[in-house]
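Student: pasting the structure only:
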């Protein structure tokens, strides 16, 4: 019974990531074009890059690039501090998907978008520093440097 519930939540996470990707690719309300781009990216991952299960590959890659924290701006005595806060899995995945898509858009101009996105995903999974991974590292470094100012956050009661 427990494994069945875990399987359902895993399927829901696959569906959620697919919806997040399609929604993030979407420009000017062209949903079918963004769906086709996402579908062709999955095809490229399966056929060209020989990925056995493209959806699991996609989930693992998004989790490699996702930030564990986000920042809250707090003004104390005229100085604005960026205070680190932990965020939910869904929010961190959506942030990483946005970063992955923006970094894949900024790649070589002569390739089509599905090829750019597939290359970006493969490079992130191989451990190559892309701009999405660099952005995540910058976030975490900023969080480490702003840790002393956590005392300015109000405690929940």
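Tutor: Great, that's in hand. Only a predicted model underlies this, so the values are computations on that prediction, with no experimental measurement involved.
Student: which regions of this protein sit below the pLDDT cut-off?
Tutor: For the chain, the stretches flagged by pLDDT under 70 are 1-11, 155-157.
Student: Would you map the helices across it?
Tutor: Along the chain, counting by DSSP state H, helices occupy 2-25, 31-47, 54-65, 89-105, 113-126, 131-145.
Student: Quick one: closest of those helices to residue 80.
Tutor: Minimum separation from residue 80 across the helices of the chain (CB to CB) falls at helix 131-145, 13.5 Å. Using the backbone N, CA and C atoms, a C-beta is placed for each residue, glycine as well.
Student: what's that closest one in contact with?
Tutor: The contact list for helix 131-145 (CB atoms under 8 Å, 6 or more residues apart in numbering) reads 64-69, 71, 82, 84, 96, 99-100, 102-103, 106, 120, 124.
Student: how far out from the middle of the chain is it?
Tutor: 13 Å (CA atoms, centre = their mean, to the nearest Å).
Student: got the buried residues for it?
Tutor: The neighbour-count check on helix 131-145 (16 or more other CB atoms under 10 Å) flags 131-133, 135-136, 139, 143 as buried.
Student: Name the residue closest to the centre of this protein, please.
Tutor: Geometric centre of the chain, nearest residue: residue 96, 1.7 Å, by CA atoms, centre = their mean.
Student: which residues touch it?
Tutor: Counted by CB under 8 Å, 6+ apart, residue 96 has contacts 62-63, 65-67, 132, 136.
Student: For it, give its distance to residue 59.
Tutor: For residue 96, the distance to residue 59 equals 11 Å [CB to CB, to the nearest Å].
Student: And for residue 148?
Tutor: 35 Å.
Student: and the contacts of residue 96, which two are the farthest apart?
Tutor: Pairwise over those, using CB to CB, the maximum falls at 63 and 132, 12.2 Å.
Student: just checking, residue 71 touches residue 84?
Tutor: Yes: using CB atoms under 8 Å, residue 71 is in contact with residue 84, at 6.0 Å.
Student: Looking at these two, which is more packed in?
Tutor: Neighbours per residue (other CB atoms under 10 Å) separate residue 71 from residue 84, with residue 84 holding more: 22 against 16.
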